[in-house]
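Colleague: Fold the following and give me the result.
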Amino acid sequence: MTNQPQQQNFAQDNYYPDDEIELINLLRVLWEWKWIIILITFVCMVTAGVVSFMTPKIYKVFTAIEPGIIGMDENGSPMYLDSAKNIKAKIESGIYNSRILKNLNINSRKIQVKFKVTNPQNTDLIKIFSEWTQDQIATGIKVLEQLLIELSHNYEDIIQAKTEGIDKEILLRLSEIQSKKNQIDFKQEVLKNIKARENELNPELMMFKDDTKKIKQQRDKILEGKPGEDSILTLFYLTAVQQNIANFNQLNYQLNELKSKEDKMSAEVAQLKKDMNDINTEIYRLNIEKSYIGHIKLISKPEASTYPIKPNKKLNIALAGVVGFMLAVFIAFFVEYIKKYK
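Modeller: Presented below is the predicted three-dimensional model:
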């Protein structure tokens, strides 16, 4: 138990001096080769700077779009022609490249088209950009514009079919409105005839009512006389009263029938008008839905970056400096290693 700590201390005493000697050796090598290390690092940085200045400047031509809308769902949210991810995948796969070059009369051997597409998370925004040299910026803008045209053509059939479907539905609704309008006109004409007939019956009813009253008065005067006198006249008045009452009841029944028919017809007209309003509301909704239908929505038109994105001179020089320094240090230690074993 007493020997173990002594052994540990002995091992530690041997370890630290070796480390110090080794660290001193490393620093000595770096110090001896400092100028060469500095020279190699400087040469690498200068070389990177010269290459960066000689490399053609690359500019970014970019645009931003959103998918076209085909309609609205029950919650009022837009329904897109295609998802942003699918559009992104189609552009990146290069399915439009050959058509773009052909339509712009660009030689595919001289100019290659390559798009980079990003779709920010939780958005429907699609950012498209490509890289071009300074003398090709105008071509790059035309290529992006043609890409937007090709995207629109790709969904033209879907949009046209949807638009035609809505137009047919609107025409169908308009024909229903016209049919209901014709029914309303017919029923209103019938109502006019009913009103006219009612206007004819009311005076007749009043006339029978007045006549019956007069006859009853005459009959009552006769009945006030001596019983048995003018029995034939009394019977006549009684018959006339009964006849007037019968005619009055008949006309009153006809009038009630006409009023019942009038109420029913008026209710039907009111329902037809309500149906027309509902159909007009549906047509309004269809027109709104149709107004939402559209091609690819352009958020920002194609344009070029103000400053070149490549080459990044500062970054290249800094990386060259780091790589040159590491290379010079490696060479220094490698040469020292060779010398040591010679």
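
Colleague: Next up, identify which helix or strand Asn252 is on.
Modeller: helix 231-292 (DSSP states H and E).

Colleague: And the next helix or strand past that helix?
Modeller: strand 297-304.

Colleague: can you pull out the strands in the stretch 51-200 of the chain?
Modeller: Under the criterion DSSP state E, counting those that start in this stretch, the stretch 51-200 of the chain contains strands at 58-66, 69-72, 78-80, 116-118, 126-133.

Colleague: can you put these in a markdown table and add mean neighbour count?
Modeller: No exception for glycine: its C-beta is placed from N, CA and C like everyone else's. Converted to a markdown table, the strands of the stretch 51-200 of the chain look like this (neighbours: other CB atoms under 10 Å):
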| stretch | mean neighbour count |
| --- | --- |
| strand 58-66 | 19 |
| strand 69-72 | 18 |
| strand 78-80 | 15 |
| strand 116-118 | 14 |
| strand 126-133 | 20 |
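
Colleague: okay, those in TSV with distance to Lys142 next?
Modeller: Output for the strands of the stretch 51-200 of the chain, formatted as TSV (distance: least, CB to CB, whole Å):
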stretch	distance to Lys142
strand 58-66	10
strand 69-72	27
strand 78-80	27
strand 116-118	18
strand 126-133	11
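
Colleague: As JSON lines, those strands with distance to Glu303 and mean pLDDT would be great.
Modeller: Below are the strands of the stretch 51-200 of the chain laid out as JSON lines (distance: least, CB to CB, whole Å; pLDDT from 0 to 100):
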{"stretch": "strand 58-66", "distance to Glu303": "7", "mean pLDDT": "93"}
{"stretch": "strand 69-72", "distance to Glu303": "25", "mean pLDDT": "80"}
{"stretch": "strand 78-80", "distance to Glu303": "25", "mean pLDDT": "83"}
{"stretch": "strand 116-118", "distance to Glu303": "16", "mean pLDDT": "93"}
{"stretch": "strand 126-133", "distance to Glu303": "10", "mean pLDDT": "92"}
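
Colleague: Asn202: which of those is closest?
Modeller: Set against Asn202 and scored by CB to CB, the strands of the stretch 51-200 of the chain come closest in strand 69-72, at 55.9 Å.

Colleague: Which strands or helices does that closest one pack on?
Modeller: strand 78-80, helix 156-224, helix 231-292 (3 or more CB pairs under 8 Å, 6 or more residues apart in numbering; DSSP states H and E).

Colleague: Output the below-cut-off pLDDT ranges for the stretch 1-150 of the chain.
Modeller: Where the stretch 1-150 of the chain drops to pLDDT under 70, the residues are 1-21.
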